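[1] Prediction below, plus the sequence it came from.
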Amino acid sequence: MKRRILLVDDEVAVLLTLKAVLEISGFEVDTAASAREGKHQLRTQQFDMVITDMRMESDAAGAEVIEAARSASYMPAVALLTAFPLADEDWQSMGADKMLVKPMQTRVLLQQIDKLFESHEARQRNGVPATAKAPEGKQAPPKKSVPKKLPRAASAGRKVLKKKAAAKRVPRKTAAKKAVRAGAKRAAKSSVKRTATKKKMRKK
């Protein structure tokens, strides 16, 4: 069964050219030369895709066609065709699935339409609403790093090593005091010995 496309554009030359290109590629194509006519066809017929120009009888004409397509119960894929590219957030906020910039090479146009059909049908199979957009570049929040706890044995071993190292490191002041005390003791002993020797000599 052929896929059915509705083309909405107030430029007759563009409308007829696109119609011929799409029909040669195997699509069934209906046309509308205004937003009003396009909205009427959306209410009275069913389409697999709607491709609408942005600016027609008014600057908001394309947005009106997109809104009508989104309101249709059969949920067609929607592409915005424009010679004045918009920011992604602008055409996406209108409800369009894709923005097609004219003029466009026939090969590129057909590739874009095929990709749009594929993504639209995939969303329908998965039960995702046509207006829903898959988040792009969204990443899971980074996991909080939890410090690893050392096993009890390893922790105890570290404590012992720290105590031994601390014991080996004697403060300089303490070492100096010990040296003074040791020198004082040696001096005292030698003094006692000299006194004892003098006494012995006197007795003799």
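    Yes, it's here. Numbering: from 1, shown residues only.

[2] tell me the domain boundaries of the protein?
    As assigned by automatic domain parsing, the chain contains the domains 4-125, 152-203.

[3] Deepest-packed of these, please.
    Mean neighbour counts were compared across the domains of the chain using mean count of other C-beta atoms under 10 Å; the top stretch is domain 4-125, at a mean of 17. Every C-beta, even on glycine, is put in place using the N, C-alpha and C of the backbone.

[4] So in this protein, where's the weakest helix or strand by average pLDDT?
    Lowest by mean pLDDT, DSSP states H and E among the helices and strands of the chain is helix 152-168, with a mean of 53.

[5] Do me a favour and average the pLDDT over stretch 11-22.
    Averaged across stretch 11-22, the pLDDT comes to 93.

[6] which residues are in contact with it?
    5, 7, 9, 29, 31, 33, 51, 53, 102, 106, 109-110, 113 (C-beta atoms under 8 Å, 6 or more residues apart in numbering).

[7] For those, name the two members farthest from one another.
    33 and 110 (23.0 Å; C-beta to C-beta).

[8] in this protein, which spans are helices?
    Here the chain has its helices, by DSSP state H, at 12-24, 35-44, 61-71, 88-94, 106-125, 152-168, 172-203.
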